[in-house]
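*Asks:* Need the 3D shape of this:
(chains A and B)
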There are 2 protein chains.
Amino acid sequence: MSYRPPLREHLFLLADVLEIEQHAELPGFADAPLDVIEQILGEAARFTSEVLAPLNRVGDREGCTWKADNTVVTPPGFKEAYKALVAAGWPALGAASKFGGQGLPYVINLAFSEMSSSANMAFSMYPGLTHGAYSAILNGGSDEQKVLYLPRLASGQWAGTMNLTEPQCGTDLGLLRTKAAPAGDGSYKISGEKIWISGGEHDLTENIVHLVLARIEGAPPGTRGISLFIVPKFIPAADGALGARNGVACAGIEEKMGIHANATCVMVYDQATGWLVGEENRGLALMFVMMNEARLGVGLQGLAQGEAAYQAAAAFARERLQGRSLTGPKNPQGPADPIIVHPDVRRMLMDARAVLEGGRAFLFWTAVQTDLAQHHPDAAARQKCEDALGLMTPVAKAFLTDRGFAICSDAMQVHGGAGFTEAFPVSQYLRDCRIALIYEGTNGIQGLDLVGRKLAANGGRAMMGFFADIDALVEAHGADETLAPYAAALAGAKAQLQEAVLWLMQNGPADPDNAGAASHDFLHLMGLTALAWMWLLMAKAAAARIAAGNNDPFFAAKLVVGRHFIDRVLPETALHLIRLKSGAASVMALPAEGF
Amino acid sequence: MSYRPPLREHLFLLADVLEIEQHAELPGFADAPLDVIEQILGEAARFTSEVLAPLNRVGDREGCTWKADNTVVTPPGFKEAYKALVAAGWPALGAASKFGGQGLPYVINLAFSEMSSSANMAFSMYPGLTHGAYSAILNGGSDEQKVLYLPRLASGQWAGTMNLTEPQCGTDLGLLRTKAAPAGDGSYKISGEKIWISGGEHDLTENIVHLVLARIEGAPPGTRGISLFIVPKFIPAADGALGARNGVACAGIEEKMGIHANATCVMVYDQATGWLVGEENRGLALMFVMMNEARLGVGLQGLAQGEAAYQAAAAFARERLQGRSLTGPKNPQGPADPIIVHPDVRRMLMDARAVLEGGRAFLFWTAVQTDLAQHHPDAAARQKCEDALGLMTPVAKAFLTDRGFAICSDAMQVHGGAGFTEAFPVSQYLRDCRIALIYEGTNGIQGLDLVGRKLAANGGRAMMGFFADIDALVEAHGADETLAPYAAALAGAKAQLQEAVLWLMQNGPADPDNAGAASHDFLHLMGLTALAWMWLLMAKAAAARIAAGNNDPFFAAKLVVGRHFIDRVLPETALHLIRLKSGAASVMALPAEGF
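*Replies:* Numbering: from 1, shown residues only, chains lettered A, B, ... in the order given. Here you go, the predicted model:
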């Protein structure tokens, strides 16, 4: 079975759960009433399933090819698909209209991105990284830089990349060595080696705009001496006409477990001409603008691969005939029942649904926060959205990629032996998905960011806001017959999360290793609580439709899947709390040489 | 870093924990006092790390090649390594001495198998399957068949395979279609297509002995009409001289996510000559002899890949410099600390250790049960071992492969971006390991076997024996200061397991779907309890050494890792109990077409 974009789920979230029509007066939203959104997403569903999904397998099998002349050839069909993507205007969906974008809400872009990533994760990374480069220049670039680069990045005419990692420097950017020497004309000469640069070289666009972290001669050591540069592959004139080939070349690509169709490049900068973005030595802050956006995008990839894998597993389980139901034949005319009759197969499919549907709501919610943080007329409301985004970004990234990978693995399990062969798509989903737990900051780093930075920022304001929102929601719906179990479950999870925060406050300062040892479990406790919150919102929306006489099984199913989340997924919170409260003692007891 | 066989762990288990010297009077054990075992395993460590491990990567990259003449070429170096394996007598380790084997205890063979599988899983499957074929003929073959085949399979001169699966028939063997027609001379003509046949064709041995399930003309439908046949690739004379090429051919091999160096074959039987093993229509029972042995072997693969991946992760974490410890620099002279200082990295390594060391003890314990079931002079003792083996085989298979895969994934996470590239070994461990959750009966099938068959067999005798053993152990050590926490943890897990059994007894008969929905969680609850039991035994052994004045940090580390198991791994039992008791309701609530 081929991938079917979950259009219905998207529209339910946008219209019923997040009720985006309440924001109709804001920029972006004003241009996208629900009927327009439905039309756009319908087109997105068509484009991703008909153009991108059919290239997913060939991309995996053929991969990218590095040539001795430092060029990279993408898999067959990718160039044409990219051309079609640009022609249809998809990259410009969320870009600002004054830079050639369509200026639609970010949440619409996210919906497209989910479909695109499920259909073909490796392909979708090319425009995804371009969007990151767009954001960095939008946030930190000069007016000239904006005029020159933004429209071409927004349209997809040029591609963008993020260049952080070096062989000795991954998570710890303070170790960065790439050098920038002032050329005297306002530009810099950039020299150094970057590794693991996604889309560092390819044949999809006429130009590639590298955003490169480097150290200006004489800059302070560590992270306070890092600046951000634009280093275009071809140096453009002010009118965008391509000039000389710059001194940057792809020296090779990595062999990887997955995302074969996305070139992971070794990039060598040899006196390449670059232009400073923003201020000297403030590169990291700008890179984090890209990074935070990218982290939500990576959380989305985890969800998107999980969704695609779930769909493949559900289709396989409905079709594969093997064995009989424990409660008597369900397909008595056939040689066997479809394996979907088996409770253990259902368990895996339902677990996937509970997390995917809750996780999607959570991601769409973060996307709306992004829109409101930008456009809401009220400063306090904008700040609340910023707070929530900062707090939830590491959770969305790590929780959804951990869970997405687990869903891919369960989806393979539903396939039995077939799943392990490359004749079925699920191996690719699993292999592609695995990188999402690692890049843009490993999931361990997300946990540290959450526990060590986001939790305590501004006196814990963001977390207190989250708790207050939950309390208000529980208060509002706790007495409703249908919603009471959802409200009670959410209240229970929140109480455990609160206990975890208290434990961290009491035990983190005395021994920071306690916070480090707790970070993974704290993040998952928080992710589960966030999904419980989303399930209450979804149950409320579905119950309202049902109460209004809507007999569509879609709404009844929401209540069933939500119940499954409460009964079988959410109870994990208690385990995370126990682990967290065991502290660093057993974790750190052995000496390093004991491993 | 290359794989280092955990010799020390093996000797600790054999000598201190399982105290195998107490069985010195039994066949097999009599030939293997501890000093001899140490010598054998030392040689095993050398052979597997020096001969097999260096071929693991080339095996993954080159894979097997199918040729148009229906032959299969194994990766470079495999033929030579196989020759060395046979020359060193490793395949004959556990085989009966009257059939040319060394007649050593099965547990010694298991220790070798772990090393072999960690070093090169794909390679080790060739002799592994041969051993399965050996066991089936040993159990069901005629004297002539035994004399002809067993010595040649035991030595590895010939290889063996298991042929069960057909395109329409995997888990549900009742759907099997391959036909056997009596040829009139005592032999049969076998026709049909088998798929996913590991080692179905290769260039390692002069002959391949296929054990094939087929349906004799006129046999009853379903599983009661299936017979087992020997179908040799070359038909041997009574003296073993190879005769005519038989009518069986490899029509292709699968592309798979992992174990590339083990050929997964489509086998076409076209009037191939076969000989019945055992009685007509009783093939399934014989195949299950192979299968049960193979299931323990697959559990071992999960452990072995986890161990190899853990070792790679630990080595990487000790060497990779990135960031600083939360409690101040640990490598102040260097540019950064090794990442092993970070609690979240430690968490993953310690979780792996807790499960690997406990899981290895569990597997070694099952292997000793296998030996005792065969050799113990007391019939009641033999039956108790048989009971325990039957009960624990599905647990060992599914629990250890689920956990082994999770450990591989965590080991990749420790590597960060490096782990996703094929320049590091952990991607292969993860990809190879994944099949172990699927073959020899998916882990879901293991859960059903446990809950639907093993639990209730003989009035629940095996489970009651398990509970009684735990009670006695808790009683014996509950008052010991060092061991009390281990005993209390074990008692707590056992109480939850008992509650789960009770729930199944109360809710399974009314709705068999309750048992099916519970099976996964029940199996993991049982696996965790079994490991808690092993940790008490290991803690006891380590504490005894320490009390005797032994200062080796090995023993102190055992108590630390055991404590980590209790604090951070074992609490998962409560979650499994909650899930299990939620029953089939939410799992089965949606109609099949709702997926």
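*Asks:* In the stretch 1-150 of chain A, what residue lies closest to chain B?
*Replies:* A:Arg61 (8.6 Å; C-beta to the nearest C-beta). Every C-beta, even on glycine, is put in place using the N, C-alpha and C of the backbone.
*Asks:* residues near that residue, how many?
*Replies:* The number of residues packed near A:Arg61 is 14, by other C-beta atoms under 10 Å in any protein chain shown.
*Asks:* For the host helix or strand of it, which outside residues touch it?
*Replies:* Following DSSP states H and E, one finds A:Arg61 within helix A:56-62. By C-beta atoms under 8 Å, 6 or more residues apart in numbering or on different chains, the residues outside helix A:56-62 that reach it are A:75-78, A:119-123, A:258, A:260-261, A:422, A:425, A:428, A:431-432.
*Asks:* Around chain B, pick out the residues from the stretch 451-595 of chain A.
*Replies:* Proximity of the stretch 451-595 of chain A to chain B, by C-beta under 8 Å from any C-beta of the partner chain, involves residues A:511-517, A:519-520, A:553, A:557, A:560-561, A:563-564, A:567-568, A:571-572, A:574-575, A:578-579, A:582, A:584-595.
*Asks:* Any stretches of chain A with poor pLDDT?
*Replies:* A:1 (pLDDT under 70).
*Asks:* From one end of stretch A:472-491 to the other, what's the distance?
*Replies:* 10 Å (C-alpha to C-alpha, to the nearest Å).
*Asks:* Surely A:Phe467 touches A:Lys494?
*Replies:* Yes. At 6.4 Å, A:Phe467 counts as touching A:Lys494 under the criterion of C-beta atoms under 8 Å.
*Asks:* More neighbours: which of those two?
*Replies:* Neighbours were tallied for A:Phe467 and for A:Lys494 using other C-beta under 10 Å; the higher tally belongs to A:Lys494 (21 against 17).
*Asks:* Shouldn't that one be within a helix?
*Replies:* Yes. Under DSSP: H, G, I helix; E, B strand; the rest coil, A:Lys494 falls within a helix.
*Asks:* So which elements touch the helix or strand harbouring A:Arg461?
*Replies:* Assessed by DSSP H and E, A:Arg461 sits inside helix A:457-477. Here helix A:457-477 touches helix A:379-415, helix A:484-507, helix A:512-547, going by 3 or more C-beta pairs under 8 Å, 6 or more residues apart in numbering or on different chains; DSSP states H and E.
*Asks:* Give the buried residues for the shortest one.
*Replies:* Neighbour-count burial for helix A:484-507, with 16 or more other C-beta atoms under 10 Å in any protein chain shown as criterion, is recorded at A:485-487, A:489-494, A:496-497, A:500-501, A:503-504, A:507.
*Asks:* Check the offset of that helix from the chain's centre.
*Replies:* Centre-to-centre, helix A:484-507 and its host chain are 26 Å apart (C-alpha atoms, centre = their mean, to the nearest Å).
*Asks:* mind listing the strands for the stretch 51-200 of chain A?
*Replies:* A:65-66, A:72-73, A:158-163, A:179-182, A:188-198 (DSSP state E, counting those that start in this stretch).
*Asks:* will you turn those into CSV that also has distance to A:Ala373 and mean neighbour count?
*Replies:* Listed next are the strands of the stretch 51-200 of chain A as CSV, based on distance: least, C-beta to C-beta, whole Å; neighbours: other C-beta atoms under 10 Å in any protein chain shown:
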stretch, distance to A:Ala373, mean neighbour count
strand A:65-66, 40, 16
strand A:72-73, 37, 18
strand A:158-163, 22, 26
strand A:179-182, 32, 19
strand A:188-198, 26, 23
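*Asks:* Tell me which of these lies nearest to chain B.
*Replies:* Of the strands of the stretch 51-200 of chain A, nearest to chain B by C-beta to the nearest C-beta is strand A:188-198, at 5.2 Å.
*Asks:* wait, does that closest one contact chain B?
*Replies:* Yes. Counting by C-beta under 8 Å from any C-beta, chain B is contacted by strand A:188-198 at A:Trp196.
*Asks:* Run me through the strand neighbours of the longest strand along chain A, direction for each.
*Replies:* Across chain A, the longest stretch assigned as strand under DSSP state E is strand A:264-277. Strand A:264-277 sits in its sheet next to strand A:188-198 (antiparallel), strand A:227-232 (antiparallel), strand A:248-253 (antiparallel), going by DSSP bridges.
*Asks:* Next one: whichever helix or strand comes after it, is it in contact with chain B?
*Replies:* Where DSSP H and E defines the elements, the next helix or strand beyond strand A:264-277 is helix A:283-319. Yes. Helix A:283-319 reaches chain B (C-beta under 8 Å from any C-beta) through A:Ala314, A:Ala317, A:Arg318.
*Asks:* didn't the second one look like it was pressed against A:Arg347?
*Replies:* Pointing back at A:Ala317 there. No. Contact criterion C-beta under 8 Å: A:Ala317 and A:Arg347 do not qualify, at 11.4 Å.
*Asks:* Pick the one among the residues of helix A:283-319 next to chain B closest to B:Arg295.
*Replies:* Comparing those against B:Arg295 with C-beta to C-beta picks out A:Ala317 as the nearest, at 23.7 Å.
*Asks:* so who does the residue lying closest to that closest one once chain neighbours are set aside touch?
*Replies:* Once flanking residues are discounted, A:Ala317 sits nearest to A:Ile340: 4.0 Å by C-beta to C-beta, 6 or more residues apart in numbering or on different chains. When contacts are counted by C-beta under 8 Å, 6+ apart, A:Ile340 touches A:Ala314, A:Ala317, A:Arg318, A:Arg346, A:Leu349, B:Ala592, B:Phe595.
*Asks:* Now tabulate those residues in TSV and tack on neighbour count and distance to B:Leu356.
*Replies:* As requested, these are arranged in TSV below (neighbours: other C-beta atoms under 10 Å in any protein chain shown; distance: C-beta to C-beta, whole Å):
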residue	neighbour count	distance to B:Leu356
A:Ala314	22	34
A:Ala317	23	32
A:Arg318	16	38
A:Arg346	26	31
A:Leu349	23	30
B:Ala592	16	39
B:Phe595	20	36
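*Asks:* Show me the helices in the stretch 101-250 of chain A, by range?
*Replies:* A:106-119, A:121-140, A:143-155 (DSSP state H, counting those that start in this stretch).
*Asks:* Assign a three-state SS to the most far-flung residue of chain A relative to its centre, would you?
*Replies:* Residue farthest from the centre of chain A, counting by C-alpha atoms, centre = their mean, is A:Gln333 at 45.2 Å. The three-state assignment at A:Gln333 reads coil, by three-state DSSP.
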